[in-house]
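Student: what would the 3D arrangement of this be:
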Amino acid sequence: MQVLMSWGNIHHSDAVEKHTQERVQKALHRFADRVTRVEVHVNDLNGPKAGRDMRCMMEARLAGMQPIAVEHTAVDLYDAINGSSERLERAVARRVDKHSPTHP
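Tutor: Residues are numbered from 1 along each chain as shown. Model prediction:
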């Protein structure tokens, strides 16, 4: 599974990149055979202004299915990444379950 990251207007460290990579891998490990690529887009919606403005959008590409996109907004960069990865895990699980041969 390939994870591509785009940081927009955010200054980030190698630690943030590593955290993001690990969160995506952990969230989608059981679907690794189906997920071909995940794109992560992070940006600060309000720039230097205060507020709930860190947005993380993740898009998973699944073999033979339409892409799935989710996003999460939070005050903290790590919270935005964690929330988005949790949402992506649930969305991929629903999509895979819906397309499984045992689904009615």
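Student: now the closest residue to Ala69 other than its chain neighbours. Its backbone dihedrals?
Tutor: Nearest non-adjacent residue to Ala69, counting by CB to CB, 6 or more residues apart in numbering: Glu59, 4.3 Å away. (Glycine included, C-beta is placed from N, CA and C.) Backbone torsions of Glu59, given as degrees, to the nearest 10, read phi -130, psi 120.
Student: pull the number of nearby residues for Glu59.
Tutor: Counted with other CB atoms under 10 Å, the neighbours of Glu59 add up to 16.
Student: now do Ala80
Tutor: 24.
Student: against Arg37, how distant is the residue nearest to Ala69?
Tutor: Here the criterion is CB to CB, to the nearest Å. By it, Glu59 lies 8 Å from Arg37.
Student: then Val16?
Tutor: Taking CB to CB, one finds Val16 at 20 Å from Arg37.
Student: what residues does stretch 5-16 touch?
Tutor: With CB atoms under 8 Å, 6 or more residues apart in numbering as the test, stretch 5-16 has contacts from 17, 20-21, 39-44, 47, 54, 77-78, 81.
Student: buried residues, that stretch. List them.
Tutor: Met5, Trp7, Val16 (16 or more other CB atoms under 10 Å).
Student: and what of stretch 55-73?
Tutor: Arg55, Cys56, Met57, Met58, Glu59, Ala60, Arg61, Leu62, Ile68, Val70, His72, Thr73.
Student: check for me that the last one belongs to a helix.
Tutor: No: the assignment for Thr73, made by DSSP: H, G, I helix; E, B strand; the rest coil, is strand rather than a helix.
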